[in-house]
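J.: below: sequence and its predicted model.
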Amino acid sequence: MRCFLLIWFVMVAGAALAQAPAILRGQVLDAETHQPIPNAQVGVAGNRIGTSTNEDGRFALRVPPEYQREQLEVALLGYRKFTQALPPLPGPELRIELRIIPAALGEVQVTASVVGIVREAVARIPRNFPRQPTRLTGFYRESDNDPAGRPRYLVEGLLTVFKEPYQQRTSEGAVQIKQSRKVDLRPAGPVRIDWAGGPFIAHLADFVHSRSQFIDPAQFRHYDYRLASGSTFAGRPVYIVVFGPRPGNRRAHFAGRMYIDQDTYAFLGAEWHYTPAGLRSRIHVADARALRVAYQPYAGRWHLKTVWWQTKYNPPVGPPLLYFGEFLTTAIDTAQAAPAPTYLERAQYRDVFLHNAVPYDSAFWQSQTTLLRSEAVQKALLDQQRQQRADSIFKQPAAGAPLPAAAPASPQSVPLPPKPALQWLRRIRYGAAVGAWPVAASAGQVAAAFAPVGAVFRADGSTRVAARQVVGWWSAEYEVDIAKGVAGRLATRQLFGQFSGAGWEAGLSYQHNLAPRHRPIFGRAGLAYTRQTEARAVGEFTNSTGPLRVGGTRLNADELSLRVQSMTDAIQHKLGLGVELSHKVELLADVGYLLPLRTRTQLQVDEESGFFLTRRSAVVNLPSADVSLRVNDQLATALPWRQRRWLLSFGLLYRLF
């Protein structure tokens, strides 16, 4: 019985082992130089599964049993495609040599019909590319290397990319981050530049979908198109079209080459870099930027297969930056069985992929095909793991604290708590707003005479006031989250138009999400104390009498200006709505109601000459023996405008993190 059970156990274990995926390992080299080839695309079974080589030319591909008798394909733009049957797995590391396509190195000749080839390829995009929404699953990797080639950080993720039909010209779309991990080896410092929007490269770099400038018929006049000797790409005969700016043209943003299928006129891929004009046209500054894109056939259409990009930048402060990234499609879904992700589920372009909360874990990709790390990254990760292990062993507990429990045998991917300083920064929001300030003014003439008692200085000026009901204003705003939904608020305000004047408000704001399952729409309420001045200038005057003391302030300038103003203190109630445009930006619309507490009429005297940082101001409250105020030639103690109750504002709030 024991022998029978032992034999049965061995047979079951052997069958389970036979059904388990096997790892295919290899290194891709240049056949002539024998140097490693990074970013080569490795695929099995018509690219149903695949990966890419790392900086050392190495790859590791998890091959399920059903694909272990299929063909292995290795391809890279400019090289002949390598194809062979898969060897028995598991086995030793393969050594694969790629040869440069000789025709790609031939003399480039100008061909009059080249623009016609590109036009035909553009016209056939609806025939060659998806006409319905598709969903791509793929790997994304991003890093920043120092000048010596050592990684400063590495992030990887499993993405779902939602593509609109290719008849629609767009470089935008939804991206969902299914899993992610990172390692950040950068030293702590006050200046840190992070790359935003990296995962969206699967949309931004899709030159066919976006009809990039070099395939846009409206932009053909800016480019020279040349045809290289015929060759193949991905085993198909192609036209190799070399493009670049026309001589003296400064509107062409790109230069490079593209590959067009000779039979179907489908774009199979392209590699290009930005010209100086192209770099200047971008919002994100860079000293150099290059991309490489390839497409693959599936279900009778061509779909995005790979994107590779590199950006170099020398910032004014800090070391040079060398960003590198790639996206590799591992699955294509044209059925769209699952709906597109909701707003809360999908990534936002301004989100920094590096800011995910999951620490690096060597077991993270056990169930997926892995983009193999380079030797430099592996060494850096090993050093980091050793340091973390040493910290956990030698870190002393605080006095009176219990001893830490024994560390688990294997590291777990648990979120790291943010640093206290970062926690506070995440609570801060700032922004700007514009609106209508309610000031009801009556038309009339306002005159003010200023003659300080005991001084020789005399000034007499006037201004004309037009009838108005409101005046424009703008403000700078700051909010700090205190509790869930509650924030402290401080804003400074400036009037413009017929009236000038500065003001401020301080108080509390509350908001509640009215659409928790969709794009957030917030109901808002607030209460604040506010102070605002509404002023009109009555003239500038020369002060030849020497220093002048006004209300305890000594004014020494040779040129003084006068303005009459009313200052209102009020309690402000506010109701409104907010719409989240992205995870960091919120659009606001508020209606306020003022309950005035007191209003004062004043004359303000300002220094107009001298260094602007040392100029001073003085205020005289009216009525005063030093000031004579006339409205329409009648003595008065109040100005011909008054504070009204309702105000309206629109603004944007931006969150730091």
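T.: Everything's here; your move.
J.: from now on I want contacts and neighbour counts done on CA atoms only, so please keep to that.
T.: Noted.
J.: tell me which helix or strand of the protein sits lowest on mean pLDDT?
T.: The weakest-scoring helix or strand in the chain, judged by mean pLDDT, DSSP states H and E, is strand 109-110 (a mean of 43).
J.: my guess is residue 652 is in a helix, correct?
T.: No - if the criterion is DSSP: H, G, I helix; E, B strand; the rest coil, then residue 652 is strand and not within a helix.
J.: so what's it closest to, chain neighbours aside?
T.: residue 587 (4.7 Å; CA to CA, 6 or more residues apart in numbering).
J.: for that neighbour, what are its contacts?
T.: 578, 579, 580, 581, 650, 651, 652, 653 (CA atoms under 8 Å, 6 or more residues apart in numbering).
J.: near residue 654, how many other residues are there?
T.: Applying other CA atoms under 10 Å, we find 19 residues neighbouring residue 654.
J.: that one and residue 30, how far apart?
T.: The gap separating residue 654 from residue 30 is 49 Å, by CA to CA, to the nearest Å.
J.: among the contacts of residue 587, show me the least confident.
T.: Lowest in pLDDT among the contacts of residue 587 is residue 581, which has 85.
J.: the closest residue to that residue other than its chain neighbours bridge partners, please.
T.: Using CA to CA, 6+ apart and skipping the chain neighbours, the partner closest in space to residue 581 is residue 587 (6.7 Å). Applying DSSP bridges to residue 587 gives these bridge partners: residue 579, residue 652.
J.: swap in residue 607?
T.: Under DSSP bridges, the beta-bridge partners of residue 607 are residue 560.
J.: quick one: contacts for it?
T.: Taking CA under 8 Å, 6+ apart as the definition, contacts of residue 607 comprise 555, 556, 557, 558, 559, 560, 561, 615, 616, 617.
J.: could I get those as a markdown table with distance to residue 23, pLDDT and neighbour count?
T.: Formatted as a markdown table, these follow (distance: CA to CA, whole Å; pLDDT from 0 to 100; neighbours: other CA atoms under 10 Å):
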| residue | distance to residue 23 | pLDDT | neighbour count |
| --- | --- | --- | --- |
| 555 | 83 | 91 | 21 |
| 556 | 84 | 88 | 18 |
| 557 | 83 | 90 | 20 |
| 558 | 85 | 90 | 16 |
| 559 | 84 | 93 | 16 |
| 560 | 83 | 93 | 19 |
| 561 | 82 | 94 | 20 |
| 615 | 75 | 91 | 14 |
| 616 | 77 | 91 | 16 |
| 617 | 78 | 92 | 16 |
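J.: which ones among the residues you listed lie within strands?
T.: Under the assignment DSSP state E, these contribute 555, 559, 560, 561, 617 to strands.
J.: need the max-distance pair from those.
T.: Taking every pair in those and measuring CA to CA, the maximum separation is 12.2 Å, between 559 and 617.
J.: list the contacts for the spatially closest residue to residue 45 that is not a sequence neighbour?
T.: Spatially, and ignoring its direct neighbours in sequence, residue 45 is nearest to residue 70 (5.3 Å; CA to CA, 6+ apart). Applying CA under 8 Å, 6+ apart, we find residue 70 in contact with 44, 45, 85, 86.
J.: packing partners for the helix or strand just after the least confident helix or strand of the chain?
T.: Where DSSP states H and E defines the elements, the next helix or strand beyond strand 109-110 is helix 114-123. Packing partners of helix 114-123 (3 or more CA pairs under 8 Å, 6 or more residues apart in numbering; DSSP states H and E): strand 223-227.
J.: give the pairing partners of the strand it packs on; include direction for each.
T.: If you go by DSSP bridges, strand 223-227 pairs up with strand 109-110 (antiparallel), strand 236-245 (antiparallel).
J.: list phi and psi for the residue nearest to residue 651 when sequence neighbours are not counted.
T.: Computed as CA to CA, 6+ apart, the closest residue to residue 651 that is not its neighbour in sequence is residue 433, at 3.8 Å. The phi and psi values for residue 433, taken as degrees, to the nearest 10, are phi -150, psi 160.
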